[in-house]
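Engineer: Sharing a model prediction with you, sequence too.
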Amino acid sequence: MNRRTFVEKTALLGVAAFLPLSGLSNHRAQRYKMGLQLYTIHEDMTRDALSTLKAAKTMGYEDFETFGFDGEKGTFYGYQSSDFKKMLEDLEITASSGHYGFSSYLHKPEADLRRFVDQCIQGAHALDTKYITWPWIAPEQRTMDNYKLMAEKLNVIGEQVTGGGLGFAYHNHGFEFTDHNGENGFDTILKDTDPSLVKLQMDMYWVMRSSAYTPKELISQQPGRYVMWHIKDMDKVTGDYTELGNGAIDYAEILPDPAKSGLEFYFLEQGGNYAHSPMKSVADSADYFKKHLQQYI
């Protein structure tokens, strides 16, 4: 090795030592599309899905996570699955995940649950979606007995969805981290579900607000299992949602390494507390993300 080559390589290593861990992955072969959870703009989607998706695409969003599938009708936002898929294709965008309404099936017979899961699988395949995601349980369901029951249901759904050629994931909020006499729902989900059948979608806002662990620490406990992320900011005063860059979460510091996470897709989200309107908020968040955070993913 000649002196010039040695100096150049030494300088490069010196710079790398000061980069965030995720920053070292900036030039990976995989390119992640900037995604948006459509719950953020649900009213706009319900009112005029085509115009809303067109506007979101101009902001830089290329991938989306659906919300509000009607299993009995086989519709997304009032459109038959095949028609909604054509809309996505015409706009040259994708929907890689969907949030589906499983919570109402927690105490229903397994035959009813399996029938609904089949409907979800059909709808997801129609959109060429990669993941079906359980997003939420109702407040009255948030007991340790129900978390244990839900873990059983998650395994059943995961086996059925995986058998249908798709991935299945659970999305956390904050209530899973609530202590119940030394136990909590999140630990139960991790412990009692099969990692090969039930992946995880980490909502980083809720982890930072409610968990005793950081996103990096959680991923270190279950590397490769967090296949999706939700990224949203936290109001500095109220702790409510806010636009990216307006809040208290230092994402440049807390973003985990995508490879260690097992990341496949991520979605920006804001569940409310819009500074102006939902569409203006997702535009502002997109601008901030592209300028300050996209380099890390």
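Structural biologist: Structure's in. What do you need?
Engineer: Run through the helices of this structure in chain order.
Structural biologist: 3-16, 42-47, 49-58, 81-91, 110-127, 144-163, 185-192, 204-210, 215-221, 251-254, 258-261, 278-292 (DSSP state H).
Engineer: tell me which strands and helices the second one is in contact with?
Structural biologist: For helix 42-47, the helices and strands in contact under the criterion 3 or more CB pairs under 8 Å, 6 or more residues apart in numbering; DSSP states H and E are helix 49-58, helix 278-292. Every residue, glycine included, has its C-beta placed from N, CA and C.
Engineer: if I read this right, K33 contacts E92, doesn't it?
Structural biologist: No. Contact between K33 and E92 fails when scored by CB atoms under 8 Å: they sit 11.2 Å apart.
Engineer: Among the two, which residue is more densely surrounded?
Structural biologist: Neighbours were counted for K33 and for E92 using other CB atoms under 10 Å; K33 has more, 16 against 8.
Engineer: Distance check, that one against I189.
Structural biologist: Using CB to CB, to the nearest Å, K33 is found at 27 Å from I189.
Engineer: Run through this protein and note the low-pLDDT ranges.
Structural biologist: 1-30 (pLDDT under 70).
Engineer: ok so, going back, can you lay out the helices and strands packed on helix 42-47 as JSON lines showing distance to F64 and mean neighbour count?
Structural biologist: Below are these laid out as JSON lines (distance: least, CB to CB, whole Å; neighbours: other CB atoms under 10 Å):
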{"stretch": "helix 49-58", "distance to F64": "7", "mean neighbour count": "17"}
{"stretch": "helix 278-292", "distance to F64": "11", "mean neighbour count": "18"}
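Engineer: Can you convert these into a markdown table and add a column each for distance to G123?
Structural biologist: Conversion of the helices and strands packed on helix 42-47 to a markdown table gives the following (distance: least, CB to CB, whole Å):
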| stretch | distance to G123 |
| --- | --- |
| helix 49-58 | 15 |
| helix 278-292 | 24 |
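Engineer: Of these, which is nearest K148?
Structural biologist: Nearest to K148 among these is helix 278-292; the distance by CB to CB comes to 36.2 Å.
Engineer: Mind giving me the packing neighbours of the closest one?
Structural biologist: Of the remaining helices and strands, those touching helix 278-292 by 3+ CB pairs under 8 Å, 6+ apart are helix 42-47, helix 49-58, strand 265-268.
Engineer: now the longest one and helix 278-292, what's the angle there?
Structural biologist: Angle, helix 49-58 to helix 278-292, by axes from the mean of the first three to the mean of the last three CA atoms, to 10 degrees: 20 degrees.
Engineer: which other residues reach stretch 206-223?
Structural biologist: Judged by CB atoms under 8 Å, 6 or more residues apart in numbering, the contacts made with stretch 206-223 from elsewhere in the structure are 172-175, 177-178, 186, 190, 195, 200, 202, 204, 226, 234, 239, 249, 254-257, 260-262.
Engineer: So among those residues, which ones count as buried?
Structural biologist: For the contacts of stretch 206-223, burial is judged from neighbour counts taken by 16 or more other CB atoms under 10 Å, and it is met by 172-173, 175, 177, 186, 190, 200, 202, 204, 226, 234, 249, 255-257, 260-262.
Engineer: Just list the residues touching E264, thanks.
Structural biologist: Applying CB under 8 Å, 6+ apart to E264 gives the contacts S96, K130, Y131, V227, M228.
Engineer: swap in D83?
Structural biologist: By CB under 8 Å, 6+ apart, D83 has no neighbours at all.
Engineer: Check P195 too.
Structural biologist: Shown here is P195, whose contacts under the criterion CB under 8 Å, 6+ apart are Q222, R225.
Engineer: circling back to that earlier point, make CSV out of the helices and strands packed on helix 278-292 and add distance to G163.
Structural biologist: Written out in CSV, the entries for the helices and strands packed on helix 278-292 read as follows (distance: least, CB to CB, whole Å):
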stretch, distance to G163
helix 42-47, 30
helix 49-58, 31
strand 265-268, 21
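Engineer: Of those, give the one that comes closest to E140.
Structural biologist: helix 42-47 (22.9 Å).
Engineer: For T188, give its distance to T46.
Structural biologist: Taken as CB to CB, the span from T188 to T46 is 34 Å.
Engineer: Neighbour count: the two, which is higher?
Structural biologist: Just comparing T188 and T46: by other CB under 10 Å the higher neighbour count belongs to T188, 19 against 13.
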